[in-house]
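Peer 1: No letters, just coordinates:
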């Protein structure tokens, strides 16, 4: 199953109606399992489910990927299954509700206490040029093949080190895109990411995912929410939000993160 499918639509252009094929984003029900046991069910794009289950288990349950872990995938009608097989015996409380593509923590309550459970990330060893982060954010757009066809998916990227290729994943759910790119990174065994890149806005639950993976900077084209700001300050994360035309709103630690020279 692919992330993009073709459907017949009527198109109206102020002068006439035409019938054409249109590319739309595929949304699938995906069941995530560990050693055959159900963990969570998500509405997600159907590609890169190995990255999704690896990243989701890492960012939501703290089950970090190990080299002996394997992922199997299967399909039952329109429902998909990604099962992580590991010699470990993790004790995970399964979620009984479906996590929709628009929500990463809609079944959670008492957000204040949840924010206080977010870990604090390590500060970077040396400052970097903010332009490097902004340029990486714009470079991510060139990797958004599904979005260019459909206009209906989100992207997340990881900047690992200056000059190295971006890791990018797309998904109909912005939280899923973050999980997928962290899953991709986890499989490669690279050094700790310098920045998480987002094609849209930044919410508190994405800050929590970045903190769980020890990522000190989150850059986004969209704005950050008030809870994202609270979570980022708690977790020692710097937000670079609302990036436009070489400008950005920077919230959180700056000294030691970015070079101050122009």
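Peer 2: Nice, thanks for sending it over. Computed from a predicted structure; not experimentally measured.
Peer 1: so what's residue 143 up against?
Peer 2: 155, 157, 166, 168 (Cβ atoms under 8 Å, 6 or more residues apart in numbering). Where C-beta positions appear, they are placed from N, C-alpha and C, glycine not excepted.
Peer 1: Break down the protein into its strands, ranges please.
Peer 2: 4-12, 17-25, 28-34, 37-44, 70-76, 79-85, 98-99, 154-159, 167-171, 195-198, 217-220, 238-244, 247-251 (DSSP state E).
Peer 1: now the fourth one and strand 167-171, what's the angle there?
Peer 2: Taking axes from the mean of the first three to the mean of the last three Cα atoms, to 10 degrees, strand 37-44 and strand 167-171 form an angle of 80 degrees between their directions.
Peer 1: so what strands line up beside strand 37-44?
Peer 2: strand 28-34 (antiparallel), strand 98-99 (parallel) (DSSP bridges).
Peer 1: deepest of those strands, which one?
Peer 2: Among the strands paired with strand 37-44, strand 28-34 has the highest mean neighbour count (mean count of other Cβ atoms under 10 Å), at a mean of 21.
Peer 1: re the thing from before, make CSV out of the strands of the chain and add mean pLDDT and distance to residue 61.
Peer 2: Shown next, in CSV, are these (pLDDT from 0 to 100; distance: least, Cβ to Cβ, whole Å):
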stretch, mean pLDDT, distance to residue 61
strand 4-12, 95, 30
strand 17-25, 96, 27
strand 28-34, 97, 9
strand 37-44, 95, 7
strand 70-76, 94, 15
strand 79-85, 97, 11
strand 98-99, 74, 13
strand 154-159, 97, 19
strand 167-171, 97, 19
strand 195-198, 98, 19
strand 217-220, 98, 21
strand 238-244, 97, 24
strand 247-251, 96, 28
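Peer 1: for the strands paired with strand 37-44, which one sits closest to residue 44?
Peer 2: Nearest to residue 44, of all the strands paired with strand 37-44, is strand 28-34, at 4.8 Å by Cβ to Cβ.
Peer 1: can you state the direction angle for the closest one and strand 79-85?
Peer 2: Using the same axes, to 10 degrees: strand 28-34 against strand 79-85 is 20 degrees.
Peer 1: what sits up against strand 28-34?
Peer 2: Contacts for strand 28-34 (Cβ under 8 Å, 6+ apart): 1, 38-46, 49, 52-53, 56-57, 63, 78-84, 86, 90, 92, 98.
Peer 1: buried subset of those?
Peer 2: 39-46, 49, 52-53, 56-57, 63, 80-84, 86, 92, 98 (16 or more other Cβ atoms under 10 Å).
Peer 1: And the residue nearest the centre of the chain, how close does it get to residue 55?
Peer 2: When Cα atoms, centre = their mean is applied to the chain, the residue found nearest the centroid is residue 178 (1.0 Å). Distance, residue 178 to residue 55, using Cβ to Cβ, to the nearest Å: 7 Å.
Peer 1: Buried residues in stretch 160-169, which are they?
Peer 2: Neighbour-count burial for stretch 160-169, counted by 16+ other Cβ under 10 Å, picks out 160, 166-169.
Peer 1: closest to residue 149 out of the strands paired with strand 37-44?
Peer 2: strand 28-34 (16.9 Å).
Peer 1: Check the offset of the closest one from the chain's centre.
Peer 2: When distances are taken as Cα atoms, centre = their mean, to the nearest Å, strand 28-34 is centred 17 Å away from the chain's centroid.
Peer 1: can you check stretch 10-23 too?
Peer 2: With Cα atoms, centre = their mean, you get 33 Å for stretch 10-23.
Peer 1: residues of it that come out buried?
Peer 2: residue 23.
Peer 1: so how far is the first residue of stretch 116-126 from its last?
Peer 2: The first residue of stretch 116-126 is 27 Å away from its last residue (Cα to Cα, to the nearest Å).
Peer 1: Going by neighbour count, list what's buried in that stretch.
Peer 2: 118, 121, 124.
Peer 1: ok, residue 122 touching residue 216?
Peer 2: Yes - counting by Cβ atoms under 8 Å, residue 216 is a contact partner of residue 122 at 7.0 Å.
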